[in-house]
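Asker: Here is my input; please provide its structure:
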Amino acid sequence: MAKRQKPSKKNTQYKIEKLIDLAKGELLNHGITNFNYEKVIYDAKLSKSTVYKKFGKKDEFIIFVIKNLLDDFFIPFKKYVDDFNTFQEVLDYLSNLNFDVQSLMKEYPIDDLFEHPEITSVINDYYYQRFGKVITDKIAEFQKAGQIRKDIEAKYILEFLTSVTKGMGMMLKDHDFKEVINNYRKLIETALAYKANSEKE
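Answerer: Okay, here's the model as predicted:
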């Protein structure tokens, strides 16, 4: 009788990668609440014990997957931010944004994330660790060039911009996209643009 072969590490690693890809799709299409952990494990042809040992319970795995999704965006995000040479370019970029938010929110259960504060908190911390530094460095660059006010530390401007972004997301649910973008552009410009007297007040 032939001996049963143990799965190779290479084969298991391939299945783990497949598991993560399947999980990303499951999360984007169904959100956190309806995320089917067992289905993803089954479709990846892995055992529950293998996956639980590596990633833990459902919430722990979801956090890992969301971080992985954020990592996918990090390099293009950094390149995008690095390519801005002036604060005016950022404002112009905001003014020219144009996409169908309502369709996006129907296609992806974005609101679902905010119903899970523990997961949201972990993701928020991860955002500051990875993306926050990129934004803060760009703020400092604009300050050095005299394009935005220097009387406020970059870390506080990061907090302001993060709050503004969250506010935009909330307003976009019920308001016209261009109306929201144009108003928030004015708000950012008024709050941050360098004025000769701003640092003396």
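
Asker: next SSE after the helix ranked longest in the chain?
Answerer: Counting residues, the longest helix in the chain under DSSP state H turns out to be helix 58-82. Following helix 58-82 in sequence order, the next helix or strand is helix 87-96 (DSSP states H and E).

Asker: how many neighbours does G56 have?
Answerer: By other Cβ atoms under 10 Å, 12 other residues sit near G56. Quick note: C-beta positions are derived from backbone N, CA and C, even for glycine.

Asker: can you pull the pLDDT of it?
Answerer: Note for G56: predicted pLDDT of 94.

Asker: Quick check: phi and psi on it?
Answerer: Here is the backbone geometry of G56 (degrees, to the nearest 10): phi 90, psi -160.

Asker: how much space between it and H116?
Answerer: Counting by Cβ to Cβ, to the nearest Å, the separation of G56 from H116 is 16 Å.

Asker: Now do I123: how many residues are near it, please.
Answerer: 17.

Asker: Could you find the closest non-adjacent residue to it?
Answerer: I66 (5.5 Å; Cβ to Cβ, 6 or more residues apart in numbering).

Asker: quick one: that neighbour and L28 touch, right?
Answerer: No - with contact defined as Cβ atoms under 8 Å, I66 does not reach L28; the gap is 10.2 Å.

Asker: ok, those two, which is more surrounded?
Answerer: Neighbour totals were compared for I66 and L28, and I66 leads with 20 against 14 (other Cβ under 10 Å).
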